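In: One predicted model, sequence on top.
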2 protein chains.
Amino acid sequence: MTVADERRTDTRSQIREVALALFAEQGYEKTSLREIAERLGITKAAVYYHYKTKEEILASLFDDVAAGIDTIVEWVGTQPAGSETRVEALRRYQELFSGEAAGQLIRFVQESQASFKDLAVGVDMKKRFASIAAALAPGGGSVEDHLRLRLSLIAIHLGAFHTEGLDGSAEERAEAALAIARDLLR
Amino acid sequence: MTVADERRTDTRSQIREVALALFAEQGYEKTSLREIAERLGITKAAVYYHYKTKEEILASLFDDVAAGIDTIVEWVGTQPAGSETRVEALRRYQELFSGEAAGQLIRFVQESQASFKDLAVGVDMKKRFASIAAALAPGGGSVEDHLRLRLSLIAIHLGAFHTEGLDGSAEERAEAALAIARDLLR
DNA sequence: GTCTATAATACGATAGAC
DNA sequence: GTCTATCGTATTATAGAC
């Protein structure tokens, strides 16, 4: 067993895994620490040994995606401005959500924005979503351009997780989402 | 003072008004009955005189929009199938959310889906959104078509309320949203 | 690292007076 | 129609034993 595999099964990581699944499925407020602990066969107090607060668990879930967005934004800065760069950035953005965990995370963001925006991690991620939007902006500042841009990102998000009425394999959904997102950017 | 004006200022209506504003702003779970009562200068018990449960308050908020959707779906049934009918249905759908209250309601739906879907009223409205989607469907059943359709409705929703980065007047937003929604339907 | 036990607080909801 | 007072239950979080 490698170090990475050990990390995957230790309690701290399991807490993240279970919390993410529950947050995505039923939202942040409706998920209690008792519920998380129960699923792992431990007590609430044990959870508190690993994370000081419930919000800290939530915040930890965003580390990878936040770093991924930063990397993309930095990359865009090194490239010539133009449609090719924007489309490639969009593709890389989609790639961030290709894993199961990241798909659950973006489902949570998409379906529980209200729970989210008042917390520190929510404010933080809001800035990151704004930064990737800015990196993708074709320069136009019209209301319609802003709305198209926002919908373009939502297209990617919706393509990243299964939802009723939106069946198909993950690959089909991702392909369709990227095509639509590209169209919306024009 | 007309009867309608009286209705507007009686306690039952005021509860709906305050609850909607709070649900839209901070979500359903995070909004307590104490908070609603406090804003109105009454007690929790007084709120319970008008509504048996918290969920009943929530459900009552959807009456008008639900009826509006049903009316549109019925209307589509009487029209010849075709692009003109679909675009007009989209326009009428948007019209449902033109008022301030309906705008707050659709913001709540858009930003708090998770709170929503497990409740009876959530299941009910989910069916209605599915029915308007079916009425708008161009017949194609591909994953991309489904996603385009869903984004088309989201475009209308996002255009109906103010959000950071999406400024402009309500009319500007609505016009832009309808244009994009129409494009997404193709 | 996990436990039992509990503190402190808030919630939705109800009883009964006025 | 609104009040005070309270019930029962859940929550987040902490203290201290093992």
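Out: Looks like it came in fine. Numbers count the residues shown, from 1 in each chain, chains lettered A, B, ... in the order given.
In: Contacts only, for the residue nearest the centre of chain A.
Out: By CA atoms, centre = their mean, chain A has its centre lying nearest to A:Ile106, at 3.5 Å. A:Ile106 makes contact with A:65, A:97, A:157, A:160-161, according to CB atoms under 8 Å, 6 or more residues apart in numbering or on different chains. To be clear about C-beta, it is placed using only N, CA and C from the backbone, and glycine gets the same treatment.
In: I figured A:Ile72 was touching A:Ala135, is that so?
Out: Yes - proximity of A:Ile72 to A:Ala135 meets the contact threshold set by CB atoms under 8 Å, at 7.0 Å.
In: Need the residues touching each of these two.
Out: Common contact partners of A:Ile72 and A:Ala135 (CB under 8 Å, 6+ apart): A:Ala89.
In: Could you count how many residues lie near A:Gly77?
Out: Residues near A:Gly77, counting by other CB atoms under 10 Å in any protein chain shown, number 9.
In: Help me confirm that it is found in a helix?
Out: Yes - the assignment for A:Gly77 (DSSP: H, G, I helix; E, B strand; the rest coil) places it in a helix.
In: rewinding a little: only whichever of the contacts of A:Ile106 are buried, select them in PyMOL.
Out: Per 16 or more other CB atoms under 10 Å in any protein chain shown, the buried members of the contacts of A:Ile106 correspond to this PyMOL selection:
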select buried, chain A and resi 65+97+157+160+161
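In: and which of the contacts of A:Ile106 is nearest DNA strand C?
Out: Of all the contacts of A:Ile106, A:Val65 has the smallest distance to DNA strand C: 25.3 Å, by CB to the nearest atom of the strand.
In: ok, that closest one to A:Glu17 distance?
Out: For A:Val65, the distance to A:Glu17 (CB to CB, to the nearest Å) stands at 15 Å.
In: what does A:Thr43 give?
Out: 18 Å.
In: Compare those two (neighbour count), which wins?
Out: Ranked by neighbour count (other CB under 10 Å), A:Thr43 and A:Glu17 place A:Glu17 first, with 19 against 13.
In: Show me what counts as buried in the helix or strand in which A:Arg107 is found.
Out: Here A:Arg107 sits within helix A:100-111, counting by DSSP states H and E. Buried residues in helix A:100-111, counted by 16+ other CB under 10 Å: A:101-111.
In: What of stretch A:18-37?
Out: A:18-31, A:33, A:36-37.
In: got it, and stretch A:77-88?
Out: A:85-86.
In: Give me the distance between the two termini of that stretch.
Out: This stretch, stretch A:77-88, spans 13 Å end to end (CA to CA, to the nearest Å).
In: Can you give the distance of it from its chain's centre?
Out: Between the centre of stretch A:77-88 and the centre of its chain there are 22 Å (CA atoms, centre = their mean, to the nearest Å).
In: Let me see the residues that make contact with that stretch.
Out: A:76, A:135-136, A:138, A:182, A:185.
In: can you check stretch A:127-147 too?
Out: With contact meaning CB under 8 Å, 6+ apart, stretch A:127-147 is reached by A:66, A:69-70, A:72-73, A:76-77, A:83, A:86, A:89-90, A:93, A:149-150, A:152-153, A:185-186, B:155, B:158-159, B:165-168, B:172-173, B:176-177, B:179-180.
In: Can you give me the end-to-end span of that stretch?
Out: By CA to CA, one end of stretch A:127-147 lies 17 Å from the other end.
In: Pull out the buried residues from it.
Out: Across stretch A:127-147, burial judged by 16+ other CB under 10 Å covers A:128, A:131-133, A:135-136, A:143-147.
In: which of those sit farthest apart?
Out: Across those, no pair lies farther apart than A:Arg128 and A:Glu144, at 23.8 Å, counting by CB to CB.
In: Contact distance from DNA strand D - what residues of chain A qualify?
Out: A:31-35, A:44-45, A:48, A:52-55 (CB under 7 Å from any atom of the strand).
In: with these in mind, which one is nearest to A:Val123?
Out: Lowest distance from A:Val123 to the residues of chain A next to DNA strand D (CB to CB) belongs to A:Glu55, with 12.0 Å.
In: measure the closest one to B:Leu153 for me?
Out: Separation of A:Glu55 from B:Leu153 (CB to CB): 32 Å.
In: Which residues of chain A lie near chain B?
Out: A:25-27, A:29-30, A:108, A:110-115, A:118, A:126, A:130, A:133, A:142-144, A:146-148, A:150-151, A:154-155, A:158-159, A:164-168, A:172-173, A:176-177, A:179-180, A:184 (CB under 8 Å from any CB of the partner chain).
In: Compare A:Glu55 and B:Leu153 (neighbour count), which wins?
Out: It is B:Leu153, of A:Glu55 and B:Leu153, that has more neighbours when counted by other CB under 10 Å, with 21 against 14.
In: which stretch of helix or strand covers the nearest residue in space to that one that is not next to it in sequence?
Out: What sits nearest to B:Leu153 in space, not counting adjacent residues and going by CB to CB, 6 or more residues apart in numbering or on different chains, is B:Ala133, at 6.6 Å. Here B:Ala133, judged by DSSP H and E, is contained in helix B:120-136.
In: Compute the inter-axis angle for the helix or strand that that helix is followed by and helix B:120-136.
Out: Using DSSP H and E, the next helix or strand after helix B:120-136 towards the C-terminus is helix B:143-159. Orientation check (axes from the mean of the first three to the mean of the last three CA atoms, to 10 degrees): helix B:143-159 against helix B:120-136 gives 120 degrees.
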